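# Here is the input, now give the coordinates:
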Amino acid sequence: MNRRAAVAGTWYCDNPSRLTDEIDRYLDGAHVAPTASRACALIAPHAGLMYSGPVAAFAYKLLNNLSYGAVVLVGPSHFVPFRGVSIWSAGAWESPLGMVAVEPDLAEMIRAESEAIIELPAAHGREHSLEMQLPFIARLLPGVPIVPLVMGHQTRETAFGLGDAIARALDNRSDRSDRSSRSDVLLVASSDLSHYEDADVAARMDAVVIRHIEALDPDGLMTALEAEPRHACGGGPMVSVLHAARQLGATGAHVLRYADSGDVSGDKSSVVGYLAAAVF
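Numbers count the residues shown, from 1 in each chain. Predicted coordinates:
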């Protein structure tokens, strides 16, 4: 049940020492004001680490000196088309910073809440959207297990259904355990924004997504994605996480950083948009 890393050594460094140094450098460069509230959810990009890492660090910087019982990861499927959501429910995921265990009990609780959540290992095999979150998670939350979820066709029904399933599972987890509650589970949505537009067009398109995230408005975001799917590759996962967070008591969201790939490459004629956001 262990998943091998698919993009270590290509999308990010597979040398543990060098990868740690790179992650720490991005975190050191992420200047985020301290918050009185603890983040219940993050949105982070998933491109190659040299491009998206400096942005993702703004979200993950909020985890400094915090502890969580588990991390639920939701990302899009880039390679395998299917209906519903594929969960990886046991074992561990390989990472240069060590194996990252899957939380089987929480995975089963989430899976049991929706018939649309299935076991489809092939959807995870080549997929990078969740794997690109592991360097930050393994560095900042060592030993904390994950629940990986990859979304197929990003329909309204699938996105909101997954959000409902996550919220119900965390409510049930809180009811059944004296040790843990829904507040000790961090939700992470993995998504890049617009792709291969010039920087000015990308900024206008990405501003639509940012507006709905800051309003904690999953329904408005879904409507925008239905009108123009090019707004984001992981729009459905963002909707799911925002919807679940609202049901679990979240009251606000903040975009911490926005940038595009041209900030690294120098080419502003065809960029990919990235954002880091937190939900409280």
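# low-confidence ranges in the stretch 1-150 of the chain?
Filtered on pLDDT under 70, the stretch 1-150 of the chain yields no residues whatsoever.
# let's see 80
36 (pLDDT under 80).
# all helices of it, in order?
Ranges of helices in the stretch 1-150 of the chain, per DSSP state H, counting those that start in this stretch, are 16-28, 49-60, 104-111, 122-125, 134-140.
# Met1: which of the ones you listed is closest?
Closest approach to Met1 among the helices of the stretch 1-150 of the chain is made by helix 104-111 (9.1 Å; CB to CB). C-betas here are computed from N, CA, C, even on glycine.
# How about residues contacting that closest one?
Contact with helix 104-111 is made by 70, 72, 87-90, 117, 119, 145, 147, 149, 165-166, 169, 172-173, 185, as judged by CB atoms under 8 Å, 6 or more residues apart in numbering.
# Strands of the protein, start to end?
Using DSSP state E, the strands of the chain run over 41-44, 70-76, 85-87, 92-93, 100-101, 117-118, 146-151, 185-190, 195-197, 253-260, 271-279.
# Select only the buried ones of the contacts of helix 104-111 in PyMOL?
A single PyMOL command selects the buried members of the contacts of helix 104-111 (16 or more other CB atoms under 10 Å):
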select buried, resi 70+72+87+88+89+117+145+147+149+165+166+169+172+173+185
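# Distance to Tyr12 for the strands of the chain - can I get that in CSV?
CSV is the format used below for the strands of the chain (distance: least, CB to CB, whole Å):
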stretch, distance to Tyr12
strand 41-44, 14
strand 70-76, 15
strand 85-87, 23
strand 92-93, 14
strand 100-101, 14
strand 117-118, 28
strand 146-151, 17
strand 185-190, 14
strand 195-197, 20
strand 253-260, 18
strand 271-279, 15
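# among those strands, which is nearest Met205?
Of all the strands of the chain, it is strand 195-197 that lies closest to Met205, at 6.6 Å by CB to CB.
# Partner strands of the closest one and their direction?
strand 271-279 (antiparallel) (DSSP bridges).
# and the angle for the strand it pairs with with strand 185-190?
Angle of strand 271-279 versus strand 185-190, following axes from the mean of the first three to the mean of the last three CA atoms, to 10 degrees, is 170 degrees.
# So what angle separates the directions of strand 271-279 and helix 49-60?
Using the same axes, to 10 degrees: strand 271-279 against helix 49-60 is 20 degrees.
# Can you show me the CA trace of strand 271-279 as CSV?
Output of strand 271-279 as CSV, limited to C-alpha atoms (Å, rounded to 0.1, in the frame of the first residue of the first chain):
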residue,chain,number,x,y,z
VAL,A,271,2.5,32.2,-17.1
VAL,A,272,0.9,29.9,-14.5
GLY,A,273,-0.7,31.6,-11.6
TYR,A,274,0.0,30.6,-8.0
LEU,A,275,-1.6,31.5,-4.7
ALA,A,276,-1.2,30.7,-1.0
ALA,A,277,-4.3,31.1,1.2
ALA,A,278,-5.4,30.2,4.7
VAL,A,279,-8.8,29.6,6.2
